[in-house]
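**Q** no FASTA, just this:
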Ligand SMILES: NC(=O)C1=CN([C@@H]2O[C@H](COP(=O)(O)OP(=O)(O)OC[C@H]3O[C@@H](n4cnc5c(N)ncnc54)[C@H](O)[C@@H]3O)[C@@H](O)[C@H]2O)C=CC1
Ligand SMILES: O=C(O)[C@H](O)CS(=O)(=O)O
C-alpha cells in the first residue's frame with residue numbers, strides 16, 4: 001500500500017481573513033528537496049488591500065494592556081505548538097531539530113518580552129519652565145506609534161526574526177504587514193494562525209507571501225506604509241533605504257564577524273565556543289564566527305582544540321536529535337561557498353578540517369594560512385567556514401577586526417581588563433561580547449550594526465523606540 005502525503009496550500013492573510021490565490025509557489029524540504037507546501041503568491045492588489053486594512057485598523061487603538069494580553073497569549077500558544085513548529089523549521093530551513101526547538105523557545109521569549117515592554121512605553125517630563133519667558137509652562141513627551149509597519153524577513157531564523165519585528169510593532173500600537181522569505185514561509189504562516197487564534201483585531205497583522213522583489217516594490221510604492229523594518233542582504237537593504245524616501249527604515253544586514261582569542265584566555269573554552277558558533281545553522285547566521293584572530297603564543301593549542309571539536313560535529317538529517325549540521329538553504333549556496341574556499345586555497349589558504357561539498361551540504365571547514373584580503377575573510381560567507389589566523393599585539397588585532405565594511409558584533413576572549421576596556425572603546429561594532437564569541441545573542445539585548453551592517457536596533461525595548469515617534473506636549477498654564 002502506498003500512502004500519499006497531502007501537501008497543504010496556504011493563502012494570504014488580509015483584513016482578518018485567509019485569501020486563497022490561483023498562483024502559488026512551492027516551499028521545499030531542504031534536506032530531501034520534496035515539496036512541503038504550496039504558498040499563495042500575492043499580487044499588487046493584495047498588497048494594497050493589506051496596507052489599507054492595516055491603516056484602517058489604527059482607527060481603533062489598542063490599550064497597552066490589550067497589546068500585552070494578545071502578545072502574551074501568542075507566546076503561550078507558540079509554546080503549545082513547539083514540537084510542530086520546530087518540525088516545520090527542520091524541514092523548511094534544514095535546521096537541526098535541537099536548534100529548531102531552541103528557535104521556537106526564543107521566538108516565544110521575544111513575544112513575551114515584547115508583551116512586557118508594551119506596558120513600559122513612556123515619555124518624560126521636559127523642564128520647559130526653565131527657559132526665560134516660559135515660567136508658566138509645563139511639558140512632557142510621549143511615544144506614539146509610527147502607524148503601518150512593513151516587516152521583510154530572511155530565511156535563516158525565519159520564526160524568531162519575524163517575532164523580533166511583529167512583537168515590538170504590535171507592542172507599540174502599530175499595525176503590520178509581514179513579508180517573510182519565500183523559501184521559509186510556513187513558520188510565518190503558523191505564527192499568523194496563532195495571532196488569529198488569540199483574536200487580534202482584523203487588520204492589525206496582515207501576511208503577504210510571494211516574490212520578494214515584486215512584493216517589496218509594491219510595499220515601497222505604497223505611501224501609506226510608514227516604516228520598513230528589514231533583515232536580510234545588504235543589497236536589498238540598500239534598495240529599501242533608497243526607495244523608502246523620508247519614511248523610517250530599520251536595517252539588519254550582513255557581517256563578517258570576528259572573534260579574538262588573547263594569550264590569557266581559557267583556550268579550551270574559547271576553541272569549543274568558536275567551533276560551535278562558526279557552524280550553527282550551517283554558518284547561516286549573521287553573527288556566525290567567520291574570522292578568528294588568535295594570539296600567536298597560543299595558536300597551535302587553540303587550533304588543535306578547535307579542530308577536535310569541529311571533527312566531532314555530526315552532519316546529516318536535521319530531523320535526527322544527534323545531528324548538529326544540516327544542509328544549507330540551497331545547493332547554489334553550497335556551491336558558492338565551495339568556490340570561495342577553492343579560491344582561498346588557490347591563493348595559499350590551508351584546509352585544516354572539511355572543505356568538502358556533498359550536494360546541498362557543505363562540511364564544517366576551518367581554514368588557516370589565510371590573508372585578510374581573501375573573500376572568505378573580507379565578505380560575508382554565510383556558510384560553515386571559519387578562517388583562523390594569528391596576531392602579535394592588541395593594536396594589530398583591533399585594527400584588523402575594524403578593517404571591514406561591516407560592524408555588527410565581535411567577540412573577545414581575554415582575562416585582561418585593560419584589553420577588554422580598550423576593545424570596548426575601539427572595536428567598531430554594535431555589540432562586543434567579552435569571553436564569548438561574536439555569535440552570542442539573547443533576545444532582550446539591543447542588536448544591530450554599525451557601518452554596512454545596518455541601522456536601527458532589534459530587541460523589543462530598542463525596536464519599540466524605532467517603531468514609535470517622540471511627541472512633546474506643552475501646556476501654557
Ligand atoms: N543582521 C542580521 O540580523 C541578519 C542579516 N541577514 C542577511 O540576510 C542574508 C540572507 O538572507 P536572505 O533571505 O537570502 O536575504 P535577502 O535580502 O535575499 O531576502 C530577505 C528578504 O527580502 C525580500 N526581498 C528580496 N528582494 C527584495 C526587494 N527587491 N525588495 C524588498 N524585499 C526583497 C526576500 O523575499 C526576503 O523576504 C545574508 O546575506 C545576511 O547578510 C540574515 C539574517 C540576519
Ligand atoms: O543575525 C542573525 O542571523 C540572527 O539574528 C542571529 S540569532 O538571532 O539567531 O542569534
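**A** All right, it came through fine. Treat the numbers as computed from the prediction; the structure is a model and nothing was measured. Ligands and ions are numbered 1, 2, ... in the order given.

**Q** wait, residue 380 sits on residue 255?
**A** Yes: contact criterion C-beta atoms under 8 Å: residue 380 and residue 255 qualify, at 6.2 Å. Where you see a C-beta, it was placed from the backbone N, CA and C, and this is true even at glycine.

**Q** Of the two, give the one with the bigger neighbour count.
**A** residue 255 (29 against 23; other C-beta atoms under 10 Å).

**Q** I'd like the average pLDDT over stretch 10-18.
**A** For stretch 10-18, the mean per-residue pLDDT is 98.

**Q** which parts of it are buried?
**A** 10, 11, 12, 13, 14, 16 (16 or more other C-beta atoms under 10 Å).

**Q** if I pick the second one, what's in contact with it?
**A** Under the criterion of C-beta atoms under 8 Å, 6 or more residues apart in numbering, the contact partners of residue 11 comprise 18, 19, 20, 21, 40.

**Q** can you check the last one too?
**A** When contacts are counted by C-beta under 8 Å, 6+ apart, residue 16 touches 53, 196, 201, 202, 203.

**Q** If we use 7 Å, what do you get?
**A** Residue 16 makes contact with 202, 203, according to C-beta atoms under 7 Å, 6 or more residues apart in numbering.

**Q** where does it sit relative to residue 207, distance-wise?
**A** 11 Å (C-beta to C-beta, to the nearest Å).

**Q** same check, this time on the fourth one
**A** Applying C-beta to C-beta, one obtains 4 Å for the distance of residue 13 from residue 207.

**Q** Look up phi and psi at the residue in the stretch 151-300 of the chain positioned nearest to ligand 2.
**A** Across the stretch 151-300 of the chain, no residue is closer to ligand 2 than residue 286, which sits at 2.9 Å (C-beta to the nearest ligand atom). With angles defined as degrees, to the nearest 10, residue 286 shows backbone torsions of phi -60, psi -30.

**Q** I am assuming it contacts residue 255, so please confirm or correct that.
**A** Yes: here residue 286 reaches residue 255: they are 5.1 Å apart, a contact under C-beta atoms under 7 Å.

**Q** between these two, what contacts are shared?
**A** Residues touching both residue 286 and residue 255 (C-beta under 7 Å, 6+ apart) are residue 408.

**Q** what's near enough to touch residue 405?
**A** Neighbour list for residue 405: 451, 452 [criterion: C-beta under 7 Å, 6+ apart].

**Q** Just the mean pLDDT for stretch 104-116, thanks.
**A** Here stretch 104-116 scores 99 as its mean pLDDT.

**Q** Could you give the separation of it from the chain centroid?
**A** A distance of 14 Å separates the centroid of the chain from that of stretch 104-116, by C-alpha atoms, centre = their mean, to the nearest Å.

**Q** Same check on stretch 113-129?
**A** How far stretch 113-129 lies from its chain's middle: 26 Å, per C-alpha atoms, centre = their mean.

**Q** Could you list the residues in contact with that stretch?
**A** Contacts of stretch 113-129 (C-beta under 7 Å, 6+ apart): 64-65, 67-68, 71-72, 75, 134-135, 137-143, 167-168, 171-172, 443-444, 460-461, 464, 468, 472, 474.

**Q** Return a PyMOL selection command for the buried portion of the contacts of residue 11.
**A** Applying 16+ other C-beta under 10 Å to the contacts of residue 11, the buried members can be selected in PyMOL as follows:
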select buried, resi 21+40
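
**Q** Tell me the one of the contacts of residue 11 nearest ligand 2?
**A** Within these, proximity to ligand 2 (C-beta to the nearest ligand atom) peaks at residue 40, which comes in at 26.4 Å.

**Q** wouldn't the closest one be in contact with residue 24 here?
**A** Yes: using C-beta under 7 Å, residue 40 is in contact with residue 24, at 5.7 Å.

**Q** what does the stretch 351-477 of the chain put close to ligand 1?
**A** Counting by C-beta under 6 Å from any ligand atom, the residues of the stretch 351-477 of the chain lying close to ligand 1 are 380, 382, 408.

**Q** So out of everything in the stretch 1-150 of the chain, what residue is nearest ligand 1?
**A** Going by C-beta to the nearest ligand atom, ligand 1 is nearest to residue 150 of the stretch 1-150 of the chain, at 9.0 Å.

**Q** Residues in contact with the helix or strand where that residue lies: which ones?
**A** Residue 150 belongs to strand 148-152 when assigned by DSSP states H and E. Contacts with strand 148-152, where a contact means C-beta under 7 Å, 6+ apart, come from 51, 54-55, 165-166, 169, 174-179, 216, 219, 224-230, 232, 467.

**Q** likewise stretch 162-169?
**A** Contacts for stretch 162-169 (C-beta under 7 Å, 6+ apart): 71, 107, 110-111, 114, 149, 151, 153, 176, 178, 180, 188, 191, 205, 229, 458, 460, 463-464, 467.

**Q** from the contacts of stretch 113-129, which would you call buried?
**A** Neighbour counting by 16+ other C-beta under 10 Å classes 64, 67-68, 71-72, 75, 137, 139, 143, 167-168, 171-172, 443-444, 460-461, 464, 468 among the contacts of stretch 113-129 as buried.

**Q** Take those residues and keep only those in strands.
**A** Taking DSSP state E, the ones among those that sit in strands are 137, 139, 143, 468.

**Q** show me the contacts for the second one.
**A** Residue 139 makes contact with 126, 128, 472, 473, 474, 475, according to C-beta under 7 Å, 6+ apart.

**Q** Determine whether the claim that residue 380 is in a helix is correct.
**A** No: Residue 380 is assigned coil when assessed by DSSP: H, G, I helix; E, B strand; the rest coil, not a helix.

**Q** Relative to the whole chain's centre, how far out is the longest helix anywhere in the chain?
**A** What stands out as the longest helix in the chain, according to DSSP state H, is helix 97-118. Relative to its chain's centre, helix 97-118 lies at 13 Å (C-alpha atoms, centre = their mean).

**Q** Now do the contacts for residue 88.
**A** Shown in contact with residue 88 (C-beta under 7 Å, 6+ apart): 186, 187, 190.

**Q** can you pick the most crowded of those?
**A** Counting neighbours by other C-beta under 10 Å, residue 187 leads these with 26 neighbours.

**Q** what's the spacing between the closest residue to it other than its chain neighbours and residue 169?
**A** For residue 187, ignoring the flanking residues on the chain, the nearest one in space by C-beta to C-beta, 6 or more residues apart in numbering is residue 159 at 4.3 Å. Residue 159 sits at a distance of 16 Å from residue 169 (criterion: C-beta to C-beta).

**Q** still on that earlier bit, against ligand 2, which of the contacts of residue 11 make the cut? List them.
**A** With C-beta under 6 Å from any ligand atom as the criterion, those include none near ligand 2.

**Q** quick revisit: how many neighbours does the residue of the stretch 1-150 of the chain closest to ligand 1 have?
**A** Neighbour count for residue 150, taken as other C-beta under 10 Å: 30.

**Q** what's the pLDDT at it?
**A** Predicted confidence (pLDDT) for residue 150: 99.

**Q** just the one 4 residues further on next, same as before
**A** pLDDT, the model's per-residue confidence, is 98 for residue 154.

**Q** so what's it up against?
**A** Neighbouring residues of residue 154 by C-beta under 7 Å, 6+ apart: 161, 181, 231, 232.

**Q** pLDDT wise, what is the nearest residue to it once chain neighbours are set aside at?
**A** Once flanking residues are discounted, residue 154 sits nearest to residue 232: 4.4 Å by C-beta to C-beta, 6+ apart. At residue 232, the pLDDT value in this model is 98.
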